[in-house]
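Visitor: what follows is a predicted structure for the sequence shown.
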Protein chains: 2
Amino acid sequence: MTTSLARSLACIDCGASYPLGYRLECATCQGLLELRYDVEQLARHGPDLFSGTGLWRYAPVLPIADPAHRITLGEGGTPLLDCPRLAADLGVRRLLVKFEGSNPTGTVKDRSSTTAVAAALQFGYRATSVVSSGNAGSSIAAYSARAGLASLVFAYERASAPKLLHMAATTRDLVIYKGVYDDLITLWDRLVGEQLFFDCGASRNAYKHEGKKTIAYEIAEQTGFAPPDVVVAPVAVGETFIAAARGFREMRDAGWIPRVPTMVAAQAARANAVVRAFRSGQPIEPLKIGYTVAEGLAAGNPGRKGDWVLRLLRESPSVAGEAEDDEILAAQRRLARTEGIWAGPTGVATLAVLEGLVARKELDPDQTVCAIVTETGLKTEAEPPSRAGVAFDEASLRALVRERLGG
Amino acid sequence: MTTSLARSLACIDCGASYPLGYRLECATCQGLLELRYDVEQLARHGPDLFSGTGLWRYAPVLPIADPAHRITLGEGGTPLLDCPRLAADLGVRRLLVKFEGSNPTGTVKDRSSTTAVAAALQFGYRATSVVSSGNAGSSIAAYSARAGLASLVFAYERASAPKLLHMAATTRDLVIYKGVYDDLITLWDRLVGEQLFFDCGASRNAYKHEGKKTIAYEIAEQTGFAPPDVVVAPVAVGETFIAAARGFREMRDAGWIPRVPTMVAAQAARANAVVRAFRSGQPIEPLKIGYTVAEGLAAGNPGRKGDWVLRLLRESPSVAGEAEDDEILAAQRRLARTEGIWAGPTGVATLAVLEGLVARKELDPDQTVCAIVTETGLKTEAEPPSRAGVAFDEASLRALVRERLGG
C-alpha cells in the first residue's frame, strides 16, 4: 500500500483535533501538534502495509498523500549492526548500533528533511528555510535542491569544515550566523508566520518531524518486531527521541509489538537542560551554553519539544544521562577501533551516555540495547595525522612489513 | 538461498581452471584469475536466488562459503536515483545516478572490502594490508576492525583530511607514504607472497574484486532487470569497471537480462592511460602522473587490470572518455545544485566524462544512461566558505529573509 493513513492533527496538550493541513500549533492553547493515523487499518493489515525500500516504504504512516511529492535521495534503510566487541567493552549483554551515517547526507536529519520538503511541495511552497548547527542545514538544502525549491540556510559559524562545504554546495542561499542556535531560532520562529518559506525547523512542524518516526519502524522490522529492551536516543531539541518514542507507541497501539522499549534520553553534559529537569523533577530551565564537540546537541533551550521529551520520560519507565566532551571523543575512537564504524561526536553521544549509565548501574546490563548513532564521522573536523610521509624502496618496505606484522 | 554458487577460479588469459582457494594468478601463464559460478543454477532459479538486504543479498554470486565469514557494516543497497534536471542539463534522455556515497565508509570500496576481509577470514589470515590513495585504506581498515583483524594501511601523503582522519581512526597501523601509488604498489605486490598479510589490493585478488560485482546486480534489480542502455564506470586500476561488466555478462549468460549495457570507461585526463590506448588501438603505455582532484583515479599504470579493461572495451561496443580537473569540479557543483547529491571529485568523474561525450556526440543522447558515482562529497577537502558570521536581531533577520525570499 502506498496510501497515507494520516487522518488528523491533534494537540498534544489539550487534545483538540484538526483536519490535515499546514498548521504549526493548536489554535486554542498553542500546544504542539502531532499527526494521528487510522490505527484500525494499521491493526488490521499489520506490517504487510509496507512495500518497497528505504524511508518511503513507510508511506502509510507518513503524512504525504501524493506519491509525486515523496522526493528521495535514498534515505532510510540504514543498517542495524550487532556489535559484540563493543558490547563486551561496555559491559552490556547485546548492543545494536542503528547507524544513521549511511543516510544520503550522512545523518539522521535526512529522515525529517524528506518529509519536510515533501510537505513543502504538498502545501505549495517554493522555498524552504532552517536554522542549523550544520547537519540539518546540509540536509534541508540537499532535499530542497532535489525538489527544485529555493533554500535559505542559516549555519552556525563554528560548524565543521565538511559541514560548511556541504552546505555551500547544496544551498541556494547560505547565511553564516554569529551567536548561538537558541537565540536565532527564537527570532526565526517568529518569521515563519509570514509564509515566505516553509518551516523546516525542529521547533514545531509536525510534518517535518514525522519522517524521523521511521527509525522506530525500521528498528522494529530489523528485529522481527521483537524490538530491543532499551533504545538510547540523543536529545538536542528532542526530535529523534520523540519521533522514535511515537513510532514505537504507534506500533504497540496497533498490536504489532508487545511493548515500547525503555527510552533513554542522551545529552551532552554541556547542553543538558532536559537531563537536569528529569533528575530534579522540576520543569526545564533553559541554559546559556557554549561549544560542545557534539555540535548537533548544542541546544540549551529545547523549547516546547523539550517539555514533550520530559513528559515522555515521566510517562513510562525511562532513563536520562549525559556525557562530557572527552567521554564523547573517547566513544568515537572506541567505536571506530572495535567495530570499524566511523561516526561523529554528535552521533556517538548515545554510546558515551550508555557507557556511563552502565558503569553507574543506572541501566540493567543484561538487556539488549540499541544506540542510535546519528551521524557519520566524515563530518568531523579535527587535526589529521601528520602528512610527513616515508619513501620506500623494496628493502625498507619489506623491513617495515615484517616488523609490523611478522610478530 | 545463502549458499555460494562459486565453483572455480579461471585464468582470463589461457583459460586454465583451478579449484577454489587463495590463489592470485595462473600457475601456467601468470594471468589474472576470475571466479566462475554454477550458471545452470543461476539460469534455473533466476533472481529468486537472492534474499535479505544489502550486499550479502547476493551471496550466491559471491565466493564466501561460510555465512559466519560474511562480515558487514551495512554496505550495498545504495540508491539508484533518477535525475531529470541533471539529464536535461547534460542533454541525455534519462540519467540514473548510482550513488555509492551511501555505503558505510562513503565509497564503492566497501563492496570489495567486505569480500576481501571475508576472504581473509575464510583463508585463515590474521592481518590485512593495502596501498591506498585514501578511500580503499579507510574501507579496508574499517572492515578489518569489524572482523577483529589487524590492518596495515599505506596512505598517500596528499589524501584529503577527512580521509586521513577516517583512516587514523579505524586502522590498526597507518603508514603515510611519499611518492606515487604506482611505484609503491609495485613493491608492495612483491611482498604479498610472504603471506604476512591478506592481499587487499586491487592488482590481483579475485576474492577482493568480486564484491564490486554486486553493483551490476543491484542496478539490474533496481531497473526490474531491464538495465540502462549505457553504464559509465570510473577506471583507475579498473576494478569497478571490470566488476560491473562481469556482473552484467553473468546475468546475460544466465538469461536474466537480454543484453549487456554499453560500458563507458571514465578516466581523469591526468591519469588516462586506458583511454589513450583505447583511442590509439595500441597496448597501454604506463604514464608518470602527478596530482588530480579525482584522487581515487590517480593511477598512471593500471597494470594487468588495465589490459583487462581494454580487452572488455574492445570485445563489445564500448566508449572511453576523460575529463579535466576543472570539468570534474564543475560536475561536482552541478550535481549538488541540481539534484542535491553531494559527491566527491573521484565520484563525479563519470558525470564529467559523460557530459563531454554527449557534447562531442560520441554517445547517443536518446538513451538511458547510468553513471556510477563512487564517493560521497564528505571526503572532499577544500577551502570552506568564510566563517565571518552575521549577528541578527529580529528586524535585521526579517529584512534579510524578505530580501532573499520576498521575491
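Guide: Looks like it came in fine.
Visitor: alpha carbons only for contacts and neighbour counts from here, please
Guide: Fine.
Visitor: which parts of stretch A:87-97 are buried?
Guide: A:87, A:90, A:92, A:94-97 (16 or more other CA atoms under 10 Å in any protein chain shown).
Visitor: hmm, who's touching it?
Guide: Stretch A:87-97 has contacts (CA atoms under 8 Å, 6 or more residues apart in numbering or on different chains) with A:80-84, A:86, A:355, A:358, A:365-373.
Visitor: swap the cut-off to 10 Å and go again
Guide: Contact with stretch A:87-97 is made by A:79-86, A:219, A:228, A:230-232, A:334-335, A:338, A:341, A:348, A:350-352, A:354-359, A:363-374, as judged by CA atoms under 10 Å, 6 or more residues apart in numbering or on different chains.
Visitor: is stretch A:279-295 positioned near chain B?
Guide: No. Stretch A:279-295 is not in contact with chain B by CA under 10 Å from any CA of the partner chain; minimum separation 15.6 Å.
Visitor: before we move on, the earlier item: which of the contacts of stretch A:87-97 come close to chain B?
Guide: Okay, of the contacts of stretch A:87-97 touching chain B (CA under 10 Å from any CA), that's A:79-85, A:334-335, A:338, A:341.
Visitor: which of the buried residues of stretch A:87-97 fall within strands?
Guide: Among these, the members found in strands (DSSP state E) are A:94-97.
Visitor: from these, which two are the most distant?
Guide: Pairwise distances across these (CA to CA) peak at 10.1 Å, for the pair A:R94 and A:V97.
Visitor: please enumerate the strands of the stretch 301-407 of chain A.
Guide: For the stretch 301-407 of chain A, applying DSSP state E, counting those that start in this stretch gives strands covering A:319-323, A:368-373.
Visitor: now these in a markdown table, with mean neighbour count and distance to A:A273?
Guide: Output for the strands of the stretch 301-407 of chain A, formatted as a markdown table (neighbours: other CA atoms under 10 Å in any protein chain shown; distance: least, CA to CA, whole Å):
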| stretch | mean neighbour count | distance to A:A273 |
| --- | --- | --- |
| strand A:319-323 | 25 | 10 |
| strand A:368-373 | 26 | 20 |
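Visitor: just put those in TSV and tack on distance to B:L310 and mean pLDDT.
Guide: Written out in TSV, the entries for these read as follows (distance: least, CA to CA, whole Å; pLDDT from 0 to 100):
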stretch	distance to B:L310	mean pLDDT
strand A:319-323	55	98
strand A:368-373	43	98
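Visitor: mind listing what's buried in stretch A:322-336?
Guide: Buried positions in stretch A:322-336, judged by neighbour count with 16+ other CA under 10 Å: A:322-325, A:327-329, A:331-336.
Visitor: right, I mislabeled it, should have said stretch A:43-58
Guide: Result for stretch A:43-58 [16+ other CA under 10 Å]: buried residues A:43, A:49-50, A:54-58.
Visitor: over to stretch A:290-303?
Guide: A:292-303.
Visitor: tell me which two in these are the farthest apart.
Guide: Spatial extent of these (CA to CA) is set by the pair A:V293 and A:G303 at 21.6 Å.
Visitor: could I get the pLDDT score of A:R85?
Guide: Here the pLDDT value assigned to A:R85 is 97.
Visitor: that one: helix or strand, and which one exactly?
Guide: Element membership of A:R85, judged by DSSP states H and E, is helix A:84-90.
Visitor: do A:T186 as well
Guide: helix A:181-191.
Visitor: nearest to B:A68, of the strands of the stretch 301-407 of chain A?
Guide: strand A:368-373 (21.2 Å).
Visitor: by contact count, what packs against the closest one?
Guide: strand A:80-82, strand A:94-99, helix A:214-222, strand A:230-234, helix A:239-253, strand A:262-268, helix A:345-359 (3 or more CA pairs under 10 Å, 6 or more residues apart in numbering or on different chains; DSSP states H and E).
Visitor: redo the ones you listed as a markdown table? Include distance to B:T115 and mean pLDDT.
Guide: Output for the helices and strands packed on strand A:368-373, formatted as a markdown table (distance: least, CA to CA, whole Å; pLDDT from 0 to 100):
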| stretch | distance to B:T115 | mean pLDDT |
| --- | --- | --- |
| strand A:80-82 | 18 | 98 |
| strand A:94-99 | 21 | 98 |
| helix A:214-222 | 23 | 98 |
| strand A:230-234 | 31 | 98 |
| helix A:239-253 | 34 | 98 |
| strand A:262-268 | 36 | 98 |
| helix A:345-359 | 27 | 97 |
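Visitor: could the ones you listed go into TSV alongside distance to A:E34?
Guide: TSV is the format used below for the helices and strands packed on strand A:368-373 (distance: least, CA to CA, whole Å):
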stretch	distance to A:E34
strand A:80-82	27
strand A:94-99	25
helix A:214-222	15
strand A:230-234	19
helix A:239-253	9
strand A:262-268	19
helix A:345-359	25
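Visitor: so which of these is nearest B:L165?
Guide: With respect to B:L165, and counting by CA to CA, the nearest of these is helix A:345-359 at 13.3 Å.
Visitor: and the closest one, what's buried?
Guide: For helix A:345-359, by 16+ other CA under 10 Å, it's A:345-357.
Visitor: just those now: which is nearest chain B?
Guide: Distance to chain B, by CA to the nearest CA, is smallest for A:P345 among the buried residues of helix A:345-359, at 12.8 Å.
Visitor: thinking again about what came up before, and which of the buried residues of stretch A:322-336 is nearest chain B?
Guide: Nearest member of the buried residues of stretch A:322-336 to chain B, counting by CA to the nearest CA, is A:A336, at 5.1 Å.
Visitor: ok, the closest one - contacts?
Guide: A:86, A:342-343, A:377, B:141-142, B:145-146, B:166-171.
Visitor: please redo it, this time with the cut-off set to 7 Å
Guide: A:A336 makes contact with A:342, B:169-170, according to CA atoms under 7 Å, 6 or more residues apart in numbering or on different chains.
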